[in-house]
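Peer 1: model this:
(one chain, ligands or ions: 1)
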Amino acid sequence: MNTHVIINGENIQGSAETFKVLNPANEEVITEIASATPEQVNQAVQAATEAFKQWKNISDKEINNSFSKIANDIRQEKKEIARLITLEQGKPLGLAEFEVEAGASWIEYIASLEIPVETIQEPGGKTIQVYNRPLGVVASITPWNWPFMIAVWHLFPALKTKNCIVNKPSEYTPLSTVKLVEIINRHVPKGVCSVVLGTGKVGQVLSEHPDIAKVTFTGSTRTGQSILSHSVNTLKGVVLELGGNDVGIVLDDIDVDSTAEKIFGSAFLNAGQTCAALKRLYVHENIYEDLIHKLVEIAERQVVGDGQEENTTFGPVQNRMQFNKVKALIEDAIAQGGELLTQAPVLPENGYYIAPTLIANLREGVALVDEEQFGPALPIIKFSEIDDVIQRANQSSFGLGGSVWSQDIEKAQEIANQLECGTVWINSHADLSPAAPFGGWKLSGLGYSFGLDGLLLFTKKQAIHISR
Ligand code: TXE
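Peer 2: Take a look at the predicted model:
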């Protein structure tokens, strides 16, 4: 049995309670891990509180040097980290390598940001300086879809703004995060960054800890709501990046072939297990048949299999719960009159495999359209009027992202302006940038990640009024 809790820079033995990490490609046990005890969670928070006394005074230059060394180590160990990601998460190795590479670039981008100090000059001669100060100890709780990348998104903005942090990765995919925290610990003082392992129970103990100043969370809306409700007594802040049901609206002036490739890529990225994947596709009636024909062609040329095999282009769903959920949504959509467009290939017997599935002739009111599938099944809906499709797109209780596909950028922009979501892409989707704020409206979240806006959510303002 492996134990991987890293507290105060040390690998520590967990409790007698264990959990298994499975390979989603064959359901074999990769390792069994001892969960962190509440006492160990407390130790990690205490170590972070202690480390914060020094870390909050570290110079920006030192932080940036550390980040640069961490990014270099990640690149050097890219193959090994990607192997771990594929083993625990299921995505093809090439995509896992992209995840590692993008993580390293993201760290470098965060290093390049400057934390601003604003100076206000009052007419009477008083000067006011507004600083962005660190919060203290941040808790991070991460999911299983992009385990390495999302850990980078949580840890580095908090560290850059001179906070200390304790992470709890998903119990399904802890291995690549442990590796990341090991690398971080080579280049930051003890206690600055720890990781505790376990199920949601451990996450709950961590996120409710009174000495945590802020919780940054990526996962389901239900768990996000629970974290928010428990933040009341200690008035801790939260950043919640929750589910989505991103709409794509395709107008009839697009180039079908190239658009189909891009739409397929953004709907089925990571087997659809991406918060900002395209999850409901509305297609103008004039190109509906052509586009679905092309999408089916792309779906059927995917090689579904174990992500470790070289020719695999499409990996399994990450866990049994998600596999059952997506299967049930597909069956229900077909039972409700949806037209299954894709043929199911022969799939390996073990493992959570679902081939990319396209279902047409759907409408709102069917769960596959209204809910987040978070898996390889895309509902396709025909529309004819733009005002009508905008209204239908905005019916969702989610508001993470959306996209408009057209050669007429002005027209696309008019539609984008009316969509009720935190990000709208024109002629792309799920195309995230470290420079742009990314956050959900409605039940998709609270706060922002990325860019200066996301960074400053790990700070609090201090205004110093200077009268002479
Ligand atoms: O999420 P959970 P689940 C969506 C997707 C999926 C659904 C459920 O639709 O089908 O959520 O997935 C920890 N206090 N997304 O059940 O439970 C947990 O251990 C503190 C969207 O896996 O939210 C894990 O580390 N922490 C999404 C993390 O929360 C708790 C990514 C996420 O798990 C906790 C994943 C508690 N009470 C799923 N309970 C996205 N936005 O990208 C659980 N956790």
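Peer 1: Would you mind listing what in the stretch 101-250 of the chain touches the ligand?
Peer 2: 141-143, 145, 168, 170-171, 199-200, 203-204, 207, 218-220, 223, 226-227, 241-243 (Cβ under 6 Å from any ligand atom). (C-beta placed from N, C-alpha, C; glycine too.)
Peer 1: Would you mind checking those for buried ones?
Peer 2: Using 16 or more other Cβ atoms under 10 Å as the burial test, these include 141-143, 145, 168, 170-171, 203-204, 207, 218-219, 223, 226-227, 241-243 as buried.
Peer 1: need the residues of the stretch 301-450 of the chain near the ligand, please.
Peer 2: 322, 325, 372, 374.
Peer 1: and the most centrally placed residue in the chain, what pLDDT?
Peer 2: When Cα atoms, centre = their mean is applied to the chain, the residue found nearest the centroid is residue 150 (5.0 Å). With respect to pLDDT, residue 150 scores 98.
Peer 1: Quickly find the element holding it.
Peer 2: helix 147-160 (DSSP states H and E).
Peer 1: do residue 67 as well
Peer 2: Using DSSP H and E, the element containing residue 67 is helix 60-76.
Peer 1: other SSEs contacting that helix?
Peer 2: In terms of contact count using 3 or more Cβ pairs under 8 Å, 6 or more residues apart in numbering; DSSP states H and E, helix 60-76 is assigned the packing partners helix 93-112, helix 147-160, helix 175-187.
Peer 1: Dump the last one to PDB, keeping only the CA atoms.
Peer 2: In this case it means helix 175-187. The C-alpha coordinates for helix 175-187 follow below in PDB (Å, rounded to 0.1, in the frame of the first residue of the first chain):
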ATOM      1  CA  LEU A 175      -1.300  10.400  -8.200                       C
ATOM      2  CA  SER A 176      -0.400  13.100 -10.700                       C
ATOM      3  CA  THR A 177      -1.200  15.800  -8.100                       C
ATOM      4  CA  VAL A 178       1.000  14.100  -5.500                       C
ATOM      5  CA  LYS A 179       3.800  14.300  -8.100                       C
ATOM      6  CA  LEU A 180       3.100  18.000  -8.700                       C
ATOM      7  CA  VAL A 181       3.200  18.700  -5.000                       C
ATOM      8  CA  GLU A 182       6.400  16.800  -4.700                       C
ATOM      9  CA  ILE A 183       8.000  18.900  -7.400                       C
ATOM     10  CA  ILE A 184       6.700  22.100  -5.800                       C
ATOM     11  CA  ASN A 185       8.200  21.100  -2.500                       C
ATOM     12  CA  ARG A 186      11.600  20.900  -4.100                       C
ATOM     13  CA  HIS A 187      11.500  24.700  -4.600                       C
END
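Peer 1: do you know how far the nearest residue in space to residue 195 that is not next to it in sequence is from residue 207?
Peer 2: Leaving aside its chain neighbours, residue 195 sits nearest to residue 181 (4.3 Å; criterion: Cβ to Cβ, 6 or more residues apart in numbering). To residue 207, residue 181 is 18 Å away according to Cβ to Cβ, to the nearest Å.
Peer 1: Also residue 39?
Peer 2: 17 Å.
Peer 1: Repeat that for residue 355.
Peer 2: Distance of residue 355 to residue 207, given as Cβ to Cβ: 37 Å.
Peer 1: Is residue 300 in contact with residue 341, as I believe?
Peer 2: No. Taking contacts as Cβ atoms under 8 Å, residue 300 lies outside contact range of residue 341: 9.6 Å.
Peer 1: More neighbours: which of the two?
Peer 2: With neighbours defined as other Cβ atoms under 10 Å, residue 300 and residue 341 compare such that residue 341 has more, 18 against 14.
Peer 1: And the pLDDT for the more buried one?
Peer 2: 98.
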